[in-house]
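A.B. asks: Got a sequence here, can you model it:
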Amino acid sequence: MEITSDTLRIDRRRAAIVREARQLFLEQGYDRTTLAEIVARAGGSLATIYKLFGNKDGLLEAVIVETAPLGEALVRDAEAKRLSPADTLRLIAEGLYQHFMAPEVIALVRIVIARSINEPLFARQFFDRTAYRTRDAIAALFARWDVEGVSMQGAPDFLADMFMGLFVRDLQTQAISHGSANSMLPEQLRERTDFFLKGAGLSA
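C.D. replies: Model (predicted):
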């Protein structure tokens, strides 16, 4: 019972540190945020941060990892509705665009882009755990449809790459431009999605 209580306490402390670190990174940037500021907001101590995350980079990684499952969940939730492939992909497109264009996600991508100049491995790890995991979930969806006999023009991996292209360019543009670029309108997203559906042979 004591071990369980300690584990819960540590989990709550870890969640609080990640939450406050995320907020501070978004408010004032990664470089300008100190571990002392995070401790002041989240409680605990510097020793706790070093024990749980290793260092500031490890804490940033934990913040990013929390973002990773959201795209996958959107794909799963859309699939669970048992709509037609075309309507499923339209629903996923709308959900992913809203997710990727959220100010917090754009700000995190901006941090990653800045750090990738000196740490390309960090950037690759970020995209492996976020966009690429979402892309893999979409590829798996196409693969299941293929097994079920849905007619498609292209292999699941190829179609997943093309589908992700509907969003990733805009995400990177918004991050680099600090949000000054024009966001895509809902009707433009629908046009892009329908163009993809036609090319993939999934129009309905």
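A.B. asks: now the helices: where do they sit in the chain?
C.D. replies: For the chain, the helices defined by DSSP state H cover 2-28, 35-42, 46-53, 56-67, 69-80, 85-100, 103-116, 120-129, 131-147, 156-176, 186-199.
A.B. asks: which residues touch the third one?
C.D. replies: Pointing back at helix 46-53 there. 10, 13-14, 17, 35-36, 38-39, 59, 61-62 (CB atoms under 8 Å, 6 or more residues apart in numbering). C-betas here are computed from N, CA, C, even on glycine.
A.B. asks: Please apply the same query to the second one.
C.D. replies: By CB under 8 Å, 6+ apart, the surrounding residues in contact with helix 35-42 are 13, 16-17, 19-21, 23-24, 45-46, 48-49, 56, 59.
A.B. asks: coming back round to it: reformat the helices of the chain as TSV; add mean pLDDT and mean neighbour count.
C.D. replies: Listed next are the helices of the chain as TSV, based on pLDDT from 0 to 100; neighbours: other CB atoms under 10 Å:
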stretch	mean pLDDT	mean neighbour count
helix 2-28	84	15
helix 35-42	93	16
helix 46-53	91	15
helix 56-67	83	18
helix 69-80	88	18
helix 85-100	91	20
helix 103-116	81	18
helix 120-129	74	14
helix 131-147	92	18
helix 156-176	85	18
helix 186-199	91	15
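A.B. asks: now the contacts of helix 35-42 as JSON lines including distance to Tyr97?
C.D. replies: Output for those, formatted as JSON lines (distance: CB to CB, whole Å):
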{"residue": "Arg13", "distance to Tyr97": "35"}
{"residue": "Ala16", "distance to Tyr97": "31"}
{"residue": "Ile17", "distance to Tyr97": "31"}
{"residue": "Arg19", "distance to Tyr97": "25"}
{"residue": "Glu20", "distance to Tyr97": "28"}
{"residue": "Ala21", "distance to Tyr97": "27"}
{"residue": "Gln23", "distance to Tyr97": "24"}
{"residue": "Leu24", "distance to Tyr97": "27"}
{"residue": "Ser45", "distance to Tyr97": "41"}
{"residue": "Leu46", "distance to Tyr97": "39"}
{"residue": "Thr48", "distance to Tyr97": "38"}
{"residue": "Ile49", "distance to Tyr97": "35"}
{"residue": "Lys56", "distance to Tyr97": "31"}
{"residue": "Leu59", "distance to Tyr97": "29"}
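A.B. asks: which one among the residues you listed gets closest to Val150?
C.D. replies: Val150 has its nearest neighbour among those in Arg19, at 41.2 Å by CB to CB.
A.B. asks: on that earlier part again, quick one: which of the contacts of helix 35-42 is nearest Ser116?
C.D. replies: Out of those, the member with the shortest distance to Ser116 (by CB to CB) is Lys56, at 16.5 Å.
A.B. asks: Burial check on the closest residue to Ile111 other than its chain neighbours, number of neighbours?
C.D. replies: Once flanking residues are discounted, Ile111 sits nearest to Tyr30: 4.8 Å by CB to CB, 6 or more residues apart in numbering. Per other CB atoms under 10 Å, the neighbour tally for Tyr30 reads 21.
A.B. asks: check contacts around Tyr30.
C.D. replies: Applying CB under 8 Å, 6+ apart to Tyr30 gives the contacts 60, 111, 114-115.
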